[in-house]
Every structure is written in structure tokens, then in C-alpha cells.
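J.: Next comes the sequence, and after it the predicted model I'd like to discuss.
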Amino acid sequence: MTLRESAGLNRRKFLSATAGLAAGGLLGGCASTTTASGATRVRIWSWLTGMDKYVAGFNAAHPDISVELNVIATGLKGGYAQQTNALRAHNAPDILHAEYQGLPQLLTTGGLRDLTGDLADLEGGYSPAAWAGVRPGGRTWAVPMDLAPMVLYYRKDLFDRHGIAVPRTWDEFRAAAQAVKQADPAARVTTFPLNDGSFFAGMCWQAGEPWWRVDGGSWRVDISGEGTLRTADYWQGMIRDGLVATAPTGDQDWIGAMHTGRLWGLLGASWSVGSLVKSIPQDKNRWAVTTMPTWDGVPANGVQGGSAFAVSAESKVPDAAVKFLRWLSTDPAVAKIGTTFTTPFPGYLPSRDVARKAYKGGYFLGDPVYDVLDEAARRVPDWTWGPNALRIFSTVVDRMSGVKTGSATLATAVRQTQADAVTALRERGLTVLEGKA
Amino acid sequence: MTVLTPERAASVPAPAGSGAPARGRRGRGRAGLVLVAPFALLLTATVLVPIGYALYLSLFTDRLSGLGFSGPTQAFVALGNYAGVLTDSAFHASLGNVALFVVVHIPIMLGLALLLALLIDSAVVRLRRLWSLAVFLPYAVPTVITGLIWAYLYSPGSGLTALLPIDPLGKTGILPSIVNIATWQWVGYNMIIFYTALQAVPRDVLEAARADGAGGFRTAWSVKVPMIRPTMFVALVFTVIGSLQLFTEPLVLRGFTGSVTSTWSPSLYVYEAAFIANDYGRAAAASVLLALVSALLSALVMRLSNRRSR
């Protein structure tokens, strides 16, 4: 009996001890806003490449604030889910990662801090597209980091050898696509990846008809507008006539095709500079960058991606969080750190000059990379992301799944996506207007 | 089920020790409580509470207002989420996909596993250990890795696609492709289960069959297979439940092809609802429905197995 009792006691002791440990660990993680050395503790979740280096740089220069980074999964691969859940559960970190396209959806948790007053003095410093991207609905909800205007990358050596002119309009682009196929039947001018919703949205952005608008106090959704349908019809024709590949970009097959001359171009964004240099470093002096072909000669191009950072409404250290974010967004040291491992394209114009000066070059032929990207950034038309933008990326991909086999067209896909988007927003209780204002 | 019968028979009379003094019984009851506590605690914390929370969530929905930036308010919708899921054509399509997957995958996979188990149980195969290890190995590979390996094999650059009559990542090819991945992964596991059951078949029965003039095929089909039928039904139940939860393979392939939609299987539907659409009520309702279907199907299979083995 005594033996059993003592065993029971031990177990009870053990259980309560472990429970206490677990609870203590949880509380310790949540409650303390200062580190052992007395610095203010700011917690950040991010999937930005190199964020650890930025954080280390900040912490070294600011002993009164200690930023603690937790690297989370990239965007739709789990990052947004984790952040949304944390905001709902009231245990979010002080700073959250929000791409421009994901910010409105993150905002529907109601858990982000209004930064309008904190950042009012920075307004004039950014590319207009970056500043507009953090101000859905007219209040500032995040701090811009980089901007990702879309540009055309092409094999200048092959274009020159076969006498193909750099396309300035989409009509010329179609002619160039035919010329490429004629020069090498196995080659295509580019891919139009049918499994990438954010790419498709970026291509439609160029047409100057935003998929969402704020109209009074409610959302106006216009995914099947004239500009989007024109974009869809154009690419439908390119796919039907076998002038473009439709496989995904970024994987091993794509890298191989880019390197071996099966793909002569890429409709990419500013960050594709880094992707090209990293995945095919041996292709030096083959590629060039130029602005996107245009619809009718009027300069315009879309944006694909770009990060910003938001502050949790429940953060106990919002001032320290904002201080770090202002540093991250505007301090020249950040651009310098960035150039050591990538080709940053900051949304803050003075930082962009720092990055441009530090850029070594030596990979691309033709126009200087930063000149082309700058020009592209100036050409970005107005755009607003909606509160269901991330979901629409997967909806539109679902709807486009039949395009390859011909059981759907891009035009039917965008019409269905429009209906899906409106239904989904109405189901969540929002008033939705349709079509162009 | 014959396997279970003696155990059940032995355990029934034990607590009914009629002559035991009251004090002893109470003491034993307390000991029982202590012994059962860790299990009960874990069961409550990791199974019952989450299920209860899912049931609770499934009765509510988030309502937004204005631009939605002031955050959601929870609204009670009773069975509205269930009605929404049951009338959602995307959910129907996902059930259709998984039903087709079950119909194709289970006979092929279990049939192959049984065949391989019978082969290594007979004297036909010499390198028995090496052979069973080779077939079992895919089970030890994490499903994500399995998915990636096959996704690369299915990609146009691999060379495999040139040998196939259909595009394995195309609209019609995607289901056979997923069946193939799942079969590759699970055949070895079920083969080991069947083989273990075959080892337990009394050797004298097999000798009697041989003495009666039964050949290898006849012994396998008329003696061995009927004797391991209970095991086969258990394997069937596990496979049905596992198949309904089909998730990782299509999720991985989705990165390589648009043929796998974001709601391709019921589990993907739940994932999409919860983590992409942030519609937790619909996600909870769909997962409760999926759990119900799994429970019903398992009950059905178990009942069938009881009837067959009697």
C-alpha cells in the first residue's frame, strides 16, 4: 500500500511539475516585454530571405531594443495561416509579415494596428505603388519594404543573332514569339504559368483595371473587366497557337529550359534578377532586362509580390516595433546589408539609390538593371488588393485548370472567378458591388 | 474476429468477483481510476476537447462589415455551415475524386499486397528478407518526399512521360498518378501485415491440404486466404479511412500542376476553407462530415467482416 501510494504521489508530483513547466514556458513566452539585459523585446514573424541579417544589424546598433525573429513558412505555404490563427488566438507577435497582396486579407482579422499617425511623415519617400499598397481603405496599415514591378527578361544573344527586335507592344511580342518558334521549333519565347495566380493578377494589373476598388464603404469587384478579358483573350490565343509554354516557373525543368535555350524570355518581376543570377549563374552576358510590352504604346506594367510589415493591435511594445520597422524600411544600412546577398529593390527611394550604387552588375547585357526597374516602377497603374485576394489566386488557378486541355478558356476562367469572388465576399457578410464604377 | 473472442471471454468475468469485500472493491476502484487517469486526460485533451471545439466552431460563422477591416463578429448559424458544405459543388467534386481513388486504389493495392505476401510465404521466393525489405522500404519514406520524388518523375523533363500514353499531370492522368503514388507507398506495409498473418496459419492445416492433393494455388486460395480474412478486413478498414484523408500527395502535386484543384480531396477542401479562405465554420463543418463518413464506412466494413467470418 505505502509503496503504491508513494508511486501515485510521485506521479502526481511529476504531472503537476510538468504542467507547471509547460504553463511557465507559455507565460514566459508571452508576458515578458524586456530581455534579461533590460532591452525592449520585439517579436517578429517573417519569411523574408535575409531577415536574420537585417535583425542582427538592427540589434547591434540599438542596444535598447532586442528584435527576436521567428522564421515562418512562405506566404500561402503556411505563413498566412499561422499569422491569421495567431491573431485570432490573441497570441500574435508584435510584427507580422504582410505582402501587399495579403495585407487586406490579414486585415479582416481586425488584429492590425493603424499606423497612419506613426508613418505620416514618410509619405513622400516611397514609390507611389508601394505607399498605396500599405494603405487599403485610406489608412496606413503596414510599412513597405520592397516593390516588385514586372519586367521582361530575354535572351539578348539569341534575339540579336536571329534579328528579332525587342517587342515594345503585345502585338510585337506575338510576332517575336512566332520568330522564336521559327528559329528553333523546340524553343518558346516564355512561359505563361497556369498554376500561378499572383502572376496572372500581375499581368492583368497592367491593363489598368483593378480587380478590387473601395467604393464608398464597400468593395467593388471587377475581375472580369474589359482589360482583364483582353489580357485573357490575348494569352488564350498564344496558348492555343502553341507560342508559349504553360509549365510552372522556378522548378528544375524551368531552370533547365532557361539555361539550354528552350526558353528565350521570362515575364518576371524585380526579384527575378536574383533568381536568374542564382539559378543560372553560368548564363552571364546572355540575358537583358527591358520594360514590359504594352497594350497600345501607353507605358504600364503590373507588380508581382513585394513585402510589407504590420504591427499587431495587441502589441505591448508598438513604439519599439514601429522604430524597428522605420529602420527596416528607410535606413541606408538595410539596403547595404541587402546587397551582400541579393539585388534588393526597396520601395523607399533613397534606399533604392543606395542599392543601385552597391550593385556590381556584370551579369546582364543591355540597359542597366536598376534603370529598367525604376522605369517599370514609375509605370505601375493604380491597383487595390481585396480582402480575398490570396484566395482568388487559388480560385483562378482552379478555374484555369482546363485551359491546357481546351475544356476551359482563360476568359471563362476569369468570368467564373468573378462570380466566385463575389459570392465568397457576400457569404462573409460584406456588401459587394460588381463591375466598373 | 475469432482472434478477439478468447480475450473478451477472459476479461468479462474478472470484475464480477462476487465475494470480494466492499472495502477492497473501493480500493481497487480508486487504483483503477489512477491507472486510467493518464489515458483519460490525454484522450480528453487531445481528442475529445478538439472534437468538441470543432463541433462548436461548425455552428458559427464569421461576419464582416464595411470593408471588413474592423474584424469579424461571430454569428450563430445552427446547421447553416453543414447545409453550405453539402450543397457546395466543390465538396461534391472532392468526394467524387476520393471515391474514385478508393475504388481504383484499394483493390489494386490490397490485391498486390496479398499476392506478394502469398509469394513470400510460399517457397517460391528465395531472397525472402531482401525482397520484403525492398517492398516495405517506400513506407519508410515520408509522404512529402514520396510526393516530390514522383512529381519530378511525372514532370515532362524526366523521360518517364515519354513512355506513358497520357500526361501524368494532366486532367485525366492525375488520378492514376496519385493512385500510383499511394500504391507504391502502402503495398509493402500491407504485405508485411498479411505475411505476418500467414505465418500464424497452422502448418498442420497446410499439410492436410497438401495431403488432400491441393497444389500451391489451391492452398493459397482455398486455405490461406480464408484463414487470414479477419486481418484483411482490418487492413481494408485502415486503408478506407486513410484514403478518405488523402491530403499530402495531391497537395505536393498541386505545386507542379493545375490539374489538382485547391479542393481536390475532402481534406484539401477543409484545408482551403480554414487556411486560405479563413472560413473556420465551413472548415469545421466539412471535417465533422468527413469524420462521420469515415466512421460510417468503417462500421459498415466491420459489420460485413463480422458476417463473413461467422
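T.: Nice, I can see it. Keep in mind that what you see is a predicted model, and the values were worked out from it rather than measured.

J.: For residue 89, give me the backbone phi and psi.
T.: In the absence of a named chain, this looks at chain A. As for residue A:89, its main-chain torsions (degrees, to the nearest 10) stand at phi -90, psi 0.

J.: should've been chain B
T.: phi -70, psi -30.

J.: Run through the residues that contact it.
T.: Contacts were defined as C-beta atoms under 8 Å, 6 or more residues apart in numbering or on different chains; by that measure residue B:89 touches no other residue. In short, each C-beta sits where N, CA and C put it, glycine included.

J.: Can you tell me the closest non-neighbouring residue to residue A:234?
T.: Setting aside the residues directly before and after it, residue A:234 is nearest to residue A:170 in space (C-beta to C-beta, 6 or more residues apart in numbering or on different chains), at 6.0 Å.

J.: which residues of the stretch 301-437 of chain A fall in helices?
T.: For the stretch 301-437 of chain A, the helices defined by DSSP state H, counting those that start in this stretch occupy A:318-330, A:332-339, A:349-358, A:369-378, A:389-399, A:410-427.

J.: quick one: contacts of the first one?
T.: Looking back up the chat, that one is helix A:318-330. Outside helix A:318-330, the residues that reach it (C-beta under 8 Å, 6+ apart) are A:40, A:42, A:44, A:54, A:58, A:62, A:65, A:67, A:94-95, A:113, A:115, A:118-119, A:122, A:125, A:143-145, A:309, A:311, A:315, A:333-334, A:346-348, A:350-351.

J.: Can you turn the buried part of those residues into a PyMOL selection?
T.: Selection command for PyMOL covering only the buried members of the contacts of helix A:318-330, criterion 16 or more other C-beta atoms under 10 Å in any protein chain shown:
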select buried, chain A and resi 40+42+44+54+58+62+65+67+94+95+113+115+118+119+122+125+143+144+145+309+311+315+333+334+346+347+348+351
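
J.: Take the contacts of helix A:318-330 and keep only those in strands.
T.: Taking DSSP state E as the definition of strands, these contribute A:40, A:42, A:44, A:65, A:67, A:95, A:143-144, A:309, A:311.

J.: near chain B, from the residues you listed?
T.: The subset of these within reach of chain B, counting by C-beta under 8 Å from any C-beta of the partner chain, is empty.

J.: TSV for those, including distance to residue B:285 and pLDDT?
T.: Supplementary listing: those in TSV, determined by distance: C-beta to C-beta, whole Å; pLDDT from 0 to 100:
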residue	distance to residue B:285	pLDDT
A:40	43	94
A:42	38	96
A:44	35	97
A:65	44	95
A:67	40	96
A:95	34	97
A:143	38	97
A:144	38	97
A:309	34	98
A:311	34	97
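
J.: Contacts only, for residue 60.
T.: Looking at chain A here, since you left the chain open. If you count contacts by C-beta under 8 Å, 6+ apart, then residue A:60 has nothing around it.

J.: meant chain B actually
T.: Shown in contact with residue B:60 (C-beta under 8 Å, 6+ apart): B:74-77, B:281.

J.: Residue B:251 now?
T.: Contact partners of residue B:251, counting by C-beta under 8 Å, 6+ apart, are B:147, B:260, B:268, B:271.

J.: Could you list the residues of the stretch 151-300 of chain B in contact with chain A?
T.: B:152, B:155-157, B:170-171, B:254-259, B:261-263, B:272, B:274-279.

J.: how close does the residue nearest the centre of chain A get to residue A:134?
T.: Relative to the mean C-alpha position of chain A, the nearest C-alpha, by C-alpha atoms, centre = their mean, is the one of residue A:305, at 2.3 Å. Look at residue A:305 and residue A:134: by C-beta to C-beta, to the nearest Å, they are 14 Å apart.

J.: Tell me which residues touch residue 276, please.
T.: All of this is about chain A. The contact partners of residue A:276, taken as C-beta under 8 Å, 6+ apart, are A:153, A:258, A:266, A:268, A:283, A:287, A:363.

J.: you looked at the wrong chain, it should be chain B
T.: With the criterion set at C-beta under 8 Å, 6+ apart, residue B:276 makes contact with A:76, A:80-81, A:390-391, A:394, B:262.

J.: do the same with residue A:42
T.: A:65-68, A:94-95, A:317, A:320-321, A:324.

J.: cool, residue B:151 as well?
T.: With contact set as C-beta under 8 Å, 6+ apart, residue B:151 has these partners: B:252-253, B:255-256.

J.: 7 Å - rerun?
T.: Residues in contact with residue B:151, defined by C-beta atoms under 7 Å, 6 or more residues apart in numbering or on different chains, are B:252-253, B:256.

J.: out of the residues you listed, who has the most neighbours?
T.: Counting by other C-beta atoms under 10 Å in any protein chain shown, residue B:253 has the largest number of neighbours within the contacts of residue B:151, with 23 neighbours.

J.: roughly how far apart are that one and residue B:147?
T.: According to C-beta to C-beta, residue B:253 and residue B:147 sit 6 Å apart.

J.: coming back round to it: rebuild the contacts of residue B:276 as JSON lines, extending it with distance to residue A:107 and neighbour count.
T.: Supplementary listing: the contacts of residue B:276 in JSON lines, determined by distance: C-beta to C-beta, whole Å; neighbours: other C-beta atoms under 10 Å in any protein chain shown:
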{"residue": "A:76", "distance to residue A:107": "17", "neighbour count": "19"}
{"residue": "A:80", "distance to residue A:107": "12", "neighbour count": "25"}
{"residue": "A:81", "distance to residue A:107": "16", "neighbour count": "18"}
{"residue": "A:390", "distance to residue A:107": "12", "neighbour count": "25"}
{"residue": "A:391", "distance to residue A:107": "14", "neighbour count": "24"}
{"residue": "A:394", "distance to residue A:107": "19", "neighbour count": "19"}
{"residue": "B:262", "distance to residue A:107": "22", "neighbour count": "26"}
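
J.: would a markdown table of these with distance to residue B:248 be doable?
T.: Rendered in a markdown table, the data for the contacts of residue B:276 read as follows (distance: C-beta to C-beta, whole Å):
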| residue | distance to residue B:248 |
| --- | --- |
| A:76 | 17 |
| A:80 | 20 |
| A:81 | 16 |
| A:390 | 21 |
| A:391 | 21 |
| A:394 | 17 |
| B:262 | 15 |
